[in-house]
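K.L.:
My questions concern the predicted model and sequence given below.
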Amino acid sequence: MARSDGRPRYFSALLEQCERHGEFASMLVAGNWSTCVDCAKDAEMAEAAAAQVAWRGQLAARAWDARLGRAAIPERFSDRRLSTYQPTCPEGTRALSVAQRYADNFGAVRRSGACLIFCGDVGTGKTHLAVGVAHAVLEQGGQAVFTSVIRAVRSVKETFGKGVERTEAQALRDLVEPDLLILDEVGVQFGTDAEKLILFEIINGRYESRRPTIIISNLAIGELEKYLGARAVDRLREGGGKVVVFDWESYRGRREVAA
């Protein structure tokens, strides 16, 4: 065989033994003996497979960041998990059990549209449990969104202004489409009829689409029904929806006494 300059090129070869692939010809190339060709191919395939896994991991991480960002969980509650909820009474244990079953069986919950209403005293862990469920839904690949009623209503009312490109239908769709919507601070303000109508549109839209909602309120269930209206509460309780009453001593009150 000739080189590019026309002078002859000489190769040396030895028969070597590969533990995995058996006998192969090792060539002397640029002063180095070549290794098993099949081993080299296996290494290339393993490297390509590792790169594919890393790429998929990056895509999954980006998808997780996107879902977490859209969830809009307040920083104060971002570390809340069902596993970190510590009941201080039998009623708290039962509330945790309800939330855990809801999260563990969210596939069935999503198909039925079953909702939860967490109502009662402040500082008893309602938000902790709701955010814990949200994190579980996110980890299962679903989309959960956390918002206060005030922010939800404002996002819709902002579309009423002149020259606003985003429509009311789009604002409502952003609140209706997520797999789970958590509406916090329901009943904090009295609310106008227009605000209550917007709130009903959100709840009813999710009811019709069989999308679960968790309501968080410091109101007693009777006051909550007056605030939301009978139709809205009926929709929240239909299809296996549950009301969990948090009527035990505040965690924050316990910490203050201990201090």
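P.N.:
Here it is on my side, so go on.

K.L.:
And the helices in this protein?
P.N.:
Assigned by DSSP state H, the chain shows helices spanning 37-71, 90-104, 106-112, 126-139, 149-157, 168-176, 193-208, 221-228, 230-237, 251-258.

K.L.:
then the third one to CSV, C-alphas only?
P.N.:
I take that to be helix 106-112. Extracted as CSV, the C-alpha positions of helix 106-112 are listed here (Å, rounded to 0.1, in the frame of the first residue of the first chain):
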residue,chain,number,x,y,z
PHE,A,106,-54.6,11.2,42.4
GLY,A,107,-55.0,9.3,39.1
ALA,A,108,-58.4,8.2,40.2
VAL,A,109,-59.1,11.6,41.8
ARG,A,110,-58.2,13.3,38.5
ARG,A,111,-60.7,11.1,36.6
SER,A,112,-63.5,11.7,39.1
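
K.L.:
Give the buried residues for that helix.
P.N.:
By 16 or more other CB atoms under 10 Å, the buried positions in helix 106-112 come out as 106, 109, 110. Where C-beta positions appear, they are placed from N, C-alpha and C, glycine not excepted.

K.L.:
Using TSV, lay out the residues you listed together with pLDDT and distance to residue 167.
P.N.:
Converted to TSV, the buried residues of helix 106-112 look like this (pLDDT from 0 to 100; distance: CB to CB, whole Å):
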residue	pLDDT	distance to residue 167
106	96	30
109	96	30
110	95	27
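
K.L.:
one step back: among the helices of the chain, which gets the worst mean confidence?
P.N.:
Averaged per stretch, pLDDT over the helices of the chain is lowest on helix 251-258, reaching a mean of 46.

K.L.:
what's the closest of the helices of the chain to residue 244?
P.N.:
helix 90-104 (5.1 Å; CB to CB).

K.L.:
Report all helices and strands that the closest one contacts.
P.N.:
strand 116-120, helix 126-139, strand 242-246 (3 or more CB pairs under 8 Å, 6 or more residues apart in numbering; DSSP states H and E).
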